[in-house]
Each structure stands twice: as structure tokens, then as C-alpha cells.
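Q: no sequence on hand, only this structure:
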């Protein structure tokens, strides 16, 4: 067993393909396949990959071995950095960002990380919060900035560090007529006939809205599934339905003049921006702390300017 075999296995597991892993490692496909076979042989013939699945999937043993292989590669990288006498944090930091939070993380916070840790390579990806939780739990990501609601269960194995609350509001076109039955504030029953412009399945905020409609015994009518809040808000401003977005994005939206937030009497969505990471970050802990601080500062700055 050697590190090149371990590296090849981790690359295949993370890319889901021997071809893509070979491209990442700058090797040929046959050479990458041989590395995988070497590792399986060194582990007593244990099958790590289900080669009949498309895309390639890990076996149960492969999932267990993957976490250990990642830990080995991380330990070797830290050992090399320590042996070189380098004081600066180096290597790769894999960051996940929940859909809808990109503007909080992709600008000033990442710039601050690059300035403070010039030898650190940032690998940034975006996904729904539920998928990010699993990626951090499995070790595919070092940390993730998530938008957490009551719909999300956080594993005890992860450290969850709150950054700040994120208000999620129901949005309508400014000229849209919303009837109410007993009070000024509409209730879900008043919105039952309206169509909704929502994120595709997988969005925790959509799941919370669906759960509220289910509890009220009402049907949620989704008129359009649209990925991305800016496009959703454009459609809502043109009267295509109601939406559910963070207030921060509503206030910054270029369609703001044509939109209004609705205070719904029997629905309020409490969400938190949370940094998730494994219990042991090793040499990356300082960089993750800096990322959390930069995101928190960005949220505080937005609230002061709002």
C-alpha cells in the first residue's frame, strides 16, 4: 500500500469516475485503475467500488475506508508542511456554500482568506444544505456555510458554529392583490390558491413551506421550479406567483421596486447561517476560524446598512 494508491482511490470517490480521477491526477485511466486494484489487494481483496453502478459507487467498505484515506492524506500534508518549517497554512481547504448564500461568502470573505493564507488553495462548491451536511460528515468537505432550518438534522459528529440569523420571507409582486379573511395579515389559507415560484426539491426553505401547508391541510401549488433567487424574484415581480427568499436578497434585488414582503400570520421561517466542520481540522483550523469571522462581519455589515 502506498500514498499514490490512496490518492487515486480518494480521487475516484470524489469525482465519481475513473476518467475524471485520472484527469485530476494527470494520469492515464489504466494507471489509475491499477492504483485502485493495488489498494484493494493491499486490503486483502476488499472491494472498495461497485463497478457495476453508473456512476461508480462506493461499497459499504469503500465508504469506511474513504474517511480513513482522507485522514491519511491530510496527516501526510501536515507532516510535510511541518517538516519544511513553514509557518503558513498551506494545502487545500474544501469549502461548501449553501445555495443562496454565495454573495455572503464569494466576495470579501474569500478575498480575506486568500490575503491571509496565500499558500492555501481554496476549493469551493455549492449545494443544498442537506447535501453539504452529508459531505462534511463524510469528509468530502472540510467545512460548509449552511442555511439551517428545523428541517435539517445536524450529526453530533460535526461542530456547528452559529454565524447569524437569516430572515426568510414570503414575497409577492407589489401590485398583487392578496385577500385576507379576518385580519390585515394573510394566512396560509388565503394563499392556497396562489401559485408559487420556488427552488427545486432539496431546498430546506421549500421543505419548511411544504410542511406548513401539510399541517394546515392545504395543497401547495408550485407554478414554477426555478433555481436561483434572482430569476425567481424577476418572475414574482412580473406577477407569476409568490416566492420564499432571504430578506437580504430581496433588499439587494434589482427588481426590488416591484416586490413586497408579506407577513403571513401562521407561517414564519426561522433560519440560521451556520458553519459546519469536523471535530478535528488540524492545521486548517485557523483558516476556518478566519472564514467564519469574515462571513459574520459581512452579515453584521449588511444589517447596519439595511
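A: All right, it came through fine. Everything quoted here is computed from the prediction, not taken from an experiment.

Q: what's near enough to touch residue 273?
A: By Cβ atoms under 8 Å, 6 or more residues apart in numbering, residue 273 lies in contact with 101, 104, 145-148, 162-166, 295, 299. For glycine as for every other residue, the C-beta is placed from the backbone atoms N, C-alpha and C.

Q: and the worst-scoring helix or strand of the chain on mean pLDDT, how far out from the chain's middle?
A: Ranking every helix and strand in the chain by mean pLDDT, DSSP states H and E puts helix 102-105 at the bottom, with a mean of 78. In terms of Cα atoms, centre = their mean, to the nearest Å, the centre of helix 102-105 is found 11 Å from the chain centre.

Q: what does stretch 275-289 give?
A: Taking Cα atoms, centre = their mean, one finds the center of stretch 275-289 at 16 Å from the center of the full chain.

Q: buried residues, it. List them.
A: The neighbour-count check on stretch 275-289 (16 or more other Cβ atoms under 10 Å) flags 275-278, 281, 283-284, 287-288 as buried.

Q: re the thing from before, restricted to helices, list the contacts of residue 273.
A: Per DSSP state H, helices hold the following members of the contacts of residue 273: 104, 295, 299.

Q: what's the spacing between the nearest residue to the second one once chain neighbours are set aside and residue 284?
A: Across the structure, with Cβ to Cβ, 6 or more residues apart in numbering as the measure, the residue nearest residue 295 apart from its sequence neighbours is residue 109 (5.0 Å). Taking Cβ to Cβ, to the nearest Å as the criterion, residue 109 is separated from residue 284 by 15 Å.

Q: ok, residue 153 - contacts?
A: With Cβ under 8 Å, 6+ apart, residue 153 has these contacts: residue 133.

Q: measure it to residue 207 for me?
A: 12 Å.

Q: ok, now residue 245?
A: Note on residue 245: its distance to residue 207, by Cβ to Cβ, is 15 Å.

Q: look at these two and report which has more neighbours.
A: More crowded of residue 245 and residue 207, by other Cβ atoms under 10 Å: residue 245, with 24 against 18.

Q: that one and residue 232 touch, don't they?
A: Yes: in this structure, residue 245 is within contact of residue 232 by Cβ atoms under 8 Å, at 6.6 Å.

Q: would you mind naming the residues that bridge with residue 278?
A: For residue 278, the beta-bridge assignment (DSSP bridges) gives partners residue 158.

Q: that one and residue 160 touch, don't they?
A: No: applying Cβ under 8 Å, one finds residue 278 not in contact with residue 160, separated by 11.2 Å.

Q: let me know the secondary structure of residue 261.
A: strand (DSSP: H, G, I helix; E, B strand; the rest coil).

Q: which of the helices or strands spans the closest residue to it other than its chain neighbours?
A: The shortest distance from residue 261 to any non-neighbouring residue, by Cβ to Cβ, 6+ apart, is to residue 169 (4.3 Å). Assigned by DSSP states H and E, residue 169 belongs to strand 158-173.
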